[in-house]
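Visitor: show me how the following folds:
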Amino acid sequence: RLLCVVANSDDDRQRLANFFARDQRNLRARFRRMADPLDEEQRVLLKIPYDSSLDGWVEKEYQTLLELEGVPGIPRLFGQPFFFENLGVRALAMHF
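Guide: Coordinates of the predicted model:
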């Protein structure tokens with residue numbers, strides 16, 4: 001959430017500070033009780049270039065990650081680069 005407020009006096013500042021402190025406590029309590037169904041799903045990191053002129057970069061990074069596969073700290077590829085038809089770009093997917 002994004003909210004912008006202006007306090008014109010010390011009383012208003014204190015009132016707003018108290019309000020947002022209570023709000024934050026309420027949110028934390030609510031989120032602790034809720035389970036996120038996506039927590040059990042497999043996560044994937046997508047690297048999508050902003051322009052099709054970077055297709056060469058996608059292929060080079062793919063080849064580099066293939067060569068470094070198995071090295072600790074190197075992201076594991078999720079598969080071959082794939083093509084976003086609506087964007088006209090190739091992208092990489094990695095396990096996250």
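Visitor: can you check which helix is longest in the protein?
Guide: The single longest helix within the chain, with elements called by DSSP state H, is helix 10-33.
Visitor: now that one, how far from the centre of its chain.
Guide: What separates the centre of helix 10-33 from the centre of its chain is 26 Å, taken as CA atoms, centre = their mean, to the nearest Å.
Visitor: quick check: buried residues in stretch 80-87?
Guide: By neighbour count on 16 or more other CB atoms under 10 Å, the buried set for stretch 80-87 is P81. For the C-beta atoms, the positions are set from N, CA and C on the backbone; glycine is no exception.
Visitor: what does it contact?
Guide: By CB atoms under 8 Å, 6 or more residues apart in numbering, the surrounding residues in contact with stretch 80-87 are I48, V58, E59, Y62, V89, R90, A91, L92, A93.
Visitor: quick one: average pLDDT of it?
Guide: In this model, stretch 80-87 has a mean pLDDT of 88.
Visitor: what ranges do the helices span in the protein?
Guide: Going by DSSP H, the chain shows helices at 10-33, 55-67.
Visitor: okay, those in CSV with mean pLDDT and distance to R76 next?
Guide: Formatted as CSV, the helices of the chain follow (pLDDT from 0 to 100; distance: least, CB to CB, whole Å):
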stretch, mean pLDDT, distance to R76
helix 10-33, 84, 30
helix 55-67, 92, 8
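Visitor: which one of those helices is the most hemmed in?
Guide: helix 55-67 (a mean of 13; mean count of other CB atoms under 10 Å).
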